[in-house]
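**Student:** Sequence and predicted structure are below.
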Amino acid sequence: MEEERKLKKWKAEIEKAALPEERLEAAIQNGFEHAKTNRRKKWRVVKRSVFSTVSAAILILAFAALIRVSPAFANAIASFPGMERIVEMIQDNKGLQMAIENDHFQVIDSTDSTENVEVTLKGIITDESSLVAFIEIKYKTNEQIDFVSDYRIVDVDGKDAVNVKNSSSSYHDEDGADLTSIVEIEFNEPLPMEQLMLEVQFANDTDRSKITETVRLPFQVQLQPVKKEQMKINETTIVEGQAIKINSITVGPIKTAVEVEYAPENTKKIFGFEDLRIVDENGEEWTSIKNGISARYVEDPYKVIYYLQSNYFQSSDELYLEFNKLMALEKDEAFIVIHTETEDILQQPKDKRFSNVKMHGSSFMEVELQGGKDYYHDPFSTFYDAEGKELRSKSGSFSRVNDKKVTIGVELPNEDFANPLEFPLHAYPTYIKGDVRVKIK
């Protein structure tokens, strides 16, 4: 009955999408033809196989029509039961899609639960020193009383198995009860091949430091090891008087890393690229990562590593790195000073895009920013009080007021500080533009 319900649902979605009838018929026929290859199995299994394959054929068309994925990816994902909810989260990441298309995806289906939550590690994608995990979280209560606090890779004894360099997670809410999560973890060393566990820690929203529940999901990497390809570029380009050097490009199955170096003598602080991309000879593009780690800062303050979708599994005769627009601001303007007690902006960039500071209680500050409809960056992280004491926000928020304005929220640390506070800017809606194309191969 459940399969029948899904089949009807997917069929209805296809009809809404107005797919040509011959494509639907062809997909169903392909499903039956595929099922014939299993004749040696018992008829009971073959019948189920035929029905499942027809469902998968319809699902393939639904994915391809309703979500921005390729038919090849839809075909691959349909062969992994329970992965439908992952599709929407990676529809904008061709690198992960191509990894799955090329069988560089390992099904895990490991589950652990507590009284309040059930967590399943659906599968993984790996490279030499990082891992992407696809996770489903089901809450057993009507309210999500706890939230995910941290992810760790531990050994069978519960001890840290690897030295983590960086991590990122993104979530998709399913009807307010279930969550789908994609977690990317970078390591400072090769990922071990022995038995490991992904530990998921939950904490109460009022105190993130207090772990309330922990689940551990066993897995062992069985994917064929793959080696990243590094290409030295060492090419400098000038955009509106600002020197930008592309040092190297490293391509792996999860992402492409572009190491960029900004000249110390630049007059502007460059916050990042708006449209960095890799383009092949046919015009196909691999752009920035939207769900996951998009950049990483290194010890050298003038160097940044930007991450793009991976073209690792794509064969190309020519490749180019292109960009046209960078977010940048004069260095002597790249900060804002706020007095939280009086709710006044004492200093900000000359175009005065910040306004309306509001304090909610003693620790949560909101400020409006005229950013434009395409602006989605959080400009704050570390900041300083009047005595030079370094502070860090406990959490933040980002909401859109209208097409022109956004509201930035900052949860101030629960400790004494002297007003006013100075916030160095890590993003700001002013730009420099050029027409840059760097040949990779």
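**Tutor:** Ah, there it is.

**Student:** what about the closest residue to Lys255 other than its chain neighbours, neighbour count?
**Tutor:** Setting aside the residues directly before and after it, Lys255 is nearest to Tyr307 in space (Cβ to Cβ, 6 or more residues apart in numbering), at 4.6 Å. (Glycine included, C-beta is placed from N, CA and C.) Other residues near Tyr307 come to 23 when the count uses other Cβ atoms under 10 Å.

**Student:** mind checking how far Tyr307 is from Thr256?
**Tutor:** Separation of Tyr307 from Thr256 (Cβ to Cβ, to the nearest Å) stands at 7 Å.

**Student:** Give me the pLDDT value at the closest residue to Lys350 other than its chain neighbours.
**Tutor:** With sequence-adjacent residues excluded and distances taken as Cβ to Cβ, 6+ apart, Lys350 is closest to Glu333, at 6.1 Å. Note for Glu333: predicted pLDDT of 97.

**Student:** before we move on, what about the one 5 residues further on?
**Tutor:** Per-residue confidence (pLDDT) for Ile338: 97.

**Student:** ok, it - contacts?
**Tutor:** Residues counted as contacts of Ile338 (Cβ atoms under 8 Å, 6 or more residues apart in numbering) are 344-346, 357, 365, 367, 420-421, 423.

**Student:** Correct me if wrong: the residue nearest to Lys350 contacts Gln347.
**Tutor:** No: shown here, Glu333 and Gln347 do not form a contact pair, counting by Cβ atoms under 8 Å, at 9.2 Å.

**Student:** The two: which has the busier surroundings?
**Tutor:** Glu333 (17 against 12).

**Student:** May I have the phi/psi pair for the more buried one?
**Tutor:** With angles defined as degrees, to the nearest 10, Glu333 sits at phi -110, psi 0.

**Student:** Ok, Asn282 next?
**Tutor:** Per-residue torsions, Asn282: phi -100, psi 0 (degrees, to the nearest 10).

**Student:** Look up how far Gln314 lies from it.
**Tutor:** 10 Å.

**Student:** Pick out whichever of the two has more residues nearby.
**Tutor:** A direct count of neighbours by other Cβ under 10 Å for Asn282 and Gln314 places Gln314 higher, at 16 against 9.

**Student:** Just list the residues touching that one, thanks.
**Tutor:** Gln314 touches 98, 280, 284, counting by Cβ under 8 Å, 6+ apart.

**Student:** Tell me the buried residues within the residues you listed.
**Tutor:** When these are checked for burial by 16 or more other Cβ atoms under 10 Å, the buried set is 98, 280.

**Student:** Return the closest of the contacts of Gln314 with respect to Thr382.
**Tutor:** Thr382 lies nearest to Met98 out of these, by Cβ to Cβ, at 36.3 Å.

**Student:** That closest one - that's part of a helix, no?
**Tutor:** Yes: under DSSP: H, G, I helix; E, B strand; the rest coil, Met98 sits within a helix.

**Student:** Could you check how far it is from Glu284?
**Tutor:** Look at Met98 and Glu284: by Cβ to Cβ, they are 11 Å apart.

**Student:** before we move on, what about Asp332?
**Tutor:** Asp332 is 41 Å from Glu284, by Cβ to Cβ.

**Student:** Phe398 and Gly409 touch, don't they?
**Tutor:** Yes: taking contacts as Cβ under 8 Å, Phe398 lies within contact range of Gly409: 7.3 Å.
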